[in-house]
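Novice: Just a sequence and a predicted model for now, questions to come.
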Amino acid sequence: MWKGKAKATDTDFEDISRVITYRHLLSHNLGVKDPLRVVALCDSDAFYAACEQVRLDLDPKLPLVVQQWDSLIAVNYPARTYGITRMEKITEAKRKCPELVVVHVATYKEGEKEPGYWENPDTHTHKVSLDHYRRESMKIIQMFKDGMPTAEIEKASIDEAFIDFTRPVREEILKRYPYLAKVPADAPQGADSPLPPPPPICWDNRGTVIPLSPAEVHDPQDSTTVQPNTTPDDHDGVSEDDTSTTWHDVALSIAAEYMMTIRHEIYTKLGYSLSAGIARNKFLAKLTASYKKPNNQSILRDAAIPNYLRPMPFQKIRFLGGKLGKALAQEYDVSTVGDLLSMQRKFGEDSIWVYEILRYVSQAYATCKKSAVNKSMLASKNLLNPVTKPSQGHHWIRVLAAELALRLNEARENIPTLWPKTIVLHVRQGYDSFRSKQAAFPFTRNVTVDVIAAAGDKLWKELVGTDSSRTAPIKITNVQLSFTGIELSEAGQRNIEGFLKARPPVSGGSLSSAPPSGLKRKRGARERSESLEVPQGSSSTRRSKSTFVCDRCGKRVTLADADASAGNAIRQEALARLRVEHDDFHFAQDLARESDGASPQRKIRPSDAPPANKKRAKEGIASFFTKT
């Protein structure tokens, strides 16, 4: 069997320094092969611990850990200097650092609508909540979106986000160097002609530029090692006689400026320090983000990629860890990216995806995906004391329902039309596989714990049964309640009861004199437009959020209290419906006056008037049926 240890050659990275042309700069649809693509990974430093430090307004230099029951789930950097690590027991951590600040994560308990920081929370009755961290994470994401509205942002995890700077960087290049916006008339190859040489780059206040030839092997995924903080102008990766500057380096430097500004703003307004990695795609940005931490950003130029990747342990790379990485290392006696690159010729075409990952060009991990609505929400609880009676399940159903209610309501504050299609209950008995039951989740205006718990209890009875119906013993060790199929519902969606209820009366006039169905006007394009929204600035009606004044009767028409206090989408739909109803009222009066011989205030439209030859048509039909 062939063994590795052969070295990767420069030909493995021969496509790094691509020639950038006018077409590349002026085109907008190059995709993953765009030579000017710039992606950053922004990673919040010790995020859970930082959230608690900000919440409690503590000195960031204090050693602090976040506790979940008996173990640690977050350790800030000052605490790491004492050798404290995640998943360590709290007693051992306090032995290493007696002045350690310990904060237990918030928990849910039955009867409470929101999680709290209770004294001595008990895993037998409480459930861990990460809602505070999710909210803080969304604040950071929103600041990314506000600071870079033209960039593509992808939330990678609760404390990480990718930012694709390609579009704003391209716009900034054309703004700073306007002579690039037009292909010169004497360009030998037209739009495919190379761009002129780039100007010199000053890397001051950009972050840490990774050296072209690193002095030592660095493990970018080693989160237990505390890397020294660096000054903003640490640019050891660029020498004074460096002549390898490219237009992609210009793009990197511009993205680094943007990233510095965003990180500073987040720290100033929210109090969170972030580390970032800036490179040509997501794969390299993630590996670069941990080059020096905390509170620093690192920049990986194309020229530095080969020497940065070759000595790196390949099992630290996404898709190449776990069992696959372990099997490759043992079978072929390889450990680094350089070792594995040289083996591509031994594996053949079927393993080209491994080769592409190692060379940074994998299209599956290159660009950012646009943020989308989370399709599901899950609340789960592992039970140290298993449920042995069906009646014991109600407690955990309500605890899980409280978490789902809080998360769904918070999501709907940003997107009011968000709604789940299905509610699902999963239970696990002992070490057996999960069993589940699901049902449609009906639309309701107010999402409460009681509403979700009632649906969960019904599923529990169908899946587990009741005390009287059970004959076999149960031992449920895990309970999960989730929403699935979360999508944007249509504006103004109501439950079936809303359609069966009578419409509320209109203040300022009675609809008791409304015409019978036979006299009602036909509603065409005009009503359809009114049911959406009457244009602002119309001279016939003065609008507000929940009222309007009719210019015919001069009366103010107001929504019912239930509709006036509803969300914006539902309120607009109700107000548009109210306008149509009030217009129908006046139209009915017009028809009544016309039948009495009075002069109508509004001329009947041709589409509403009966046909002129109606009598003649009836006579023709009558004569047809009376013929013998």
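Specialist: That came through, no problem. Since we're looking at a predicted model, the values are computed, not measured.
Novice: looking at it, Val549 is touching Lys555, isn't it?
Specialist: Yes: under the criterion of Cβ atoms under 8 Å, Val549 makes contact with Lys555 at 7.2 Å. The C-beta positions use only the backbone N, C-alpha and C, and glycine is treated the same way.
Novice: got any ranges where the stretch 351-500 of the chain has weak pLDDT?
Specialist: The model of the stretch 351-500 of the chain has pLDDT under 70 over residues 351-373, 489-500.
Novice: Can you show me the helices along the stretch 401-550 of the chain?
Specialist: 449-463, 496-500, 525-532 (DSSP state H, counting those that start in this stretch).
Novice: typo on my end, it should be the stretch 1-150 of the chain
Specialist: All helices of the stretch 1-150 of the chain, identified by DSSP H, counting those that start in this stretch, fall at 22-26, 47-55, 77-80, 90-96, 131-147.
Novice: need those helices in CSV with mean neighbour count, can you?
Specialist: Listed next are the helices of the stretch 1-150 of the chain as CSV, based on neighbours: other Cβ atoms under 10 Å:
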stretch, mean neighbour count
helix 22-26, 18
helix 47-55, 22
helix 77-80, 22
helix 90-96, 14
helix 131-147, 16
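Novice: will you turn those into a markdown table that also has mean pLDDT and distance to Pro420?
Specialist: Output for the helices of the stretch 1-150 of the chain, formatted as a markdown table (pLDDT from 0 to 100; distance: least, Cβ to Cβ, whole Å):
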| stretch | mean pLDDT | distance to Pro420 |
| --- | --- | --- |
| helix 22-26 | 90 | 44 |
| helix 47-55 | 96 | 27 |
| helix 77-80 | 95 | 39 |
| helix 90-96 | 93 | 37 |
| helix 131-147 | 92 | 17 |
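Novice: Any chance of a markdown table for those helices, columns distance to Asp339?
Specialist: Below are the helices of the stretch 1-150 of the chain laid out as a markdown table (distance: least, Cβ to Cβ, whole Å):
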| stretch | distance to Asp339 |
| --- | --- |
| helix 22-26 | 34 |
| helix 47-55 | 34 |
| helix 77-80 | 31 |
| helix 90-96 | 37 |
| helix 131-147 | 37 |
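Novice: closest to Glu257 out of those?
Specialist: helix 131-147 (12.0 Å; Cβ to Cβ).
Novice: helices or strands up against the closest one?
Specialist: strand 39-44, helix 47-55, strand 152-157, strand 160-164, helix 247-270, helix 393-414 (3 or more Cβ pairs under 8 Å, 6 or more residues apart in numbering; DSSP states H and E).
Novice: Hey, what's the angle from the longest one to strand 160-164? Just curious.
Specialist: Angle, helix 247-270 to strand 160-164, by axes from the mean of the first three to the mean of the last three Cα atoms, to 10 degrees: 140 degrees.
Novice: Going by neighbour count, list what's buried in helix 247-270.
Specialist: 247-260, 262-263, 266, 270 (16 or more other Cβ atoms under 10 Å).
Novice: mind giving me the domain split of the chain?
Specialist: 21-40+136-365, 47-133, 376-488, 496-595 (automatic domain parsing).
Novice: So, low pLDDT: which residues of the stretch 501-628 of the chain?
Specialist: Residue ranges of the stretch 501-628 of the chain with pLDDT under 70: 501-545, 561-573, 584, 587-588, 590-628.
Novice: So which bits of stretch 554-561 are buried?
Specialist: Neighbour-count burial for stretch 554-561, counted by 16+ other Cβ under 10 Å, picks out 557-560.
Novice: Can you tell me which of those residues is nearest Pro313?
Specialist: Nearest to Pro313 among the buried residues of stretch 554-561 is Leu559, at 64.4 Å by Cβ to Cβ.
Novice: Restricted to strands, list the buried residues of stretch 554-561.
Specialist: 557-558 (DSSP state E).
Novice: What residues are bridge-paired with Ile423?
Specialist: Beta-bridge partners for Ile423, by DSSP bridges, are Ala439, Phe483.
Novice: pretty sure it is in contact with Ser482, am I right?
Specialist: Yes: in this structure, Ile423 is within contact of Ser482 by Cβ under 8 Å, at 7.4 Å.
Novice: higher neighbour count, the two?
Specialist: Ile423 (23 against 19; other Cβ atoms under 10 Å).
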